[in-house]
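Peer 1: My questions concern the predicted model and sequence given below.
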Amino acid sequence: MAEEQARSLSETNNWEHVDKDLVHQDWDVLYKELAACVEGSLPEDERIQELVGRHFEIICRFYVPTREAYIGIGLHYEADEAMRGFHNSYHPRMVEFLGEAIKVYADQGAGFAS
């Protein structure tokens, strides 16, 4: 993930093409929807996978990750204290749940870079 992101940052002048304000608004809406589903849902549920599909689409505004890099994003949310805190502010289990849902999504294999 770090290698793909660094290459993308370099090639796009630090993701100059991305409307970062809109991305943050879209993530806020998405995470609020996802937080409402964490309790009583499974990562593989159709609704959850639809939401993760939207997450992937937002990520793709920056660059199209490989399957492994997308899974790495979920791992980064868990490993990085600031990212974990940000995501878990929506729901105390957000990082764990989203990470599992990202793995399910990645196993489906659609839309990833080679």
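Peer 2: That came through, no problem. Everything numeric in this text was worked out from a predicted model, so none of it was measured.
Peer 1: can we go C-alpha only for contacts and neighbour counts from here?
Peer 2: Noted.
Peer 1: what comes into contact with the helix or strand that contains residue 27?
Peer 2: Residue 27 belongs to helix 20-38 when assigned by DSSP states H and E. Applying CA atoms under 8 Å, 6 or more residues apart in numbering, the contact partners of helix 20-38 are 48, 51, 54-55, 58, 87, 90-91, 93-94, 97.
Peer 1: what about 6 Å?
Peer 2: 90-91 (CA atoms under 6 Å, 6 or more residues apart in numbering).
Peer 1: cool, stretch 43-57 as well?
Peer 2: Residues contacting stretch 43-57 (CA under 6 Å, 6+ apart): residue 101.
Peer 1: Centre-most residue in the protein?
Peer 2: What sits nearest the mean C-alpha location of the chain, by CA atoms, centre = their mean, is residue 55, with 4.8 Å.
Peer 1: residues near the nearest residue to residue 88 once chain neighbours are set aside, how many?
Peer 2: Excluding the flanking residues, the one nearest residue 88 by CA to CA, 6 or more residues apart in numbering is residue 94, at 5.1 Å. Residue 94: 23 surrounding residues under other CA atoms under 10 Å.
Peer 1: So residue 94 sits against residue 85, correct?
Peer 2: No. Counting by CA atoms under 6 Å, residue 85 is not a contact partner of residue 94; they are 9.6 Å apart.
Peer 1: that older thread, average pLDDT for the very next helix or strand once past the helix holding residue 27, rounded please.
Peer 2: Using DSSP H and E, the helix or strand that follows helix 20-38 in sequence is helix 46-59. Averaging pLDDT along helix 46-59 yields 96.
Peer 1: May I see the buried residues of helix 46-59?
Peer 2: Within helix 46-59, the residues that count as buried by 16 or more other CA atoms under 10 Å are 48-49, 51-53, 55-56, 58-59.
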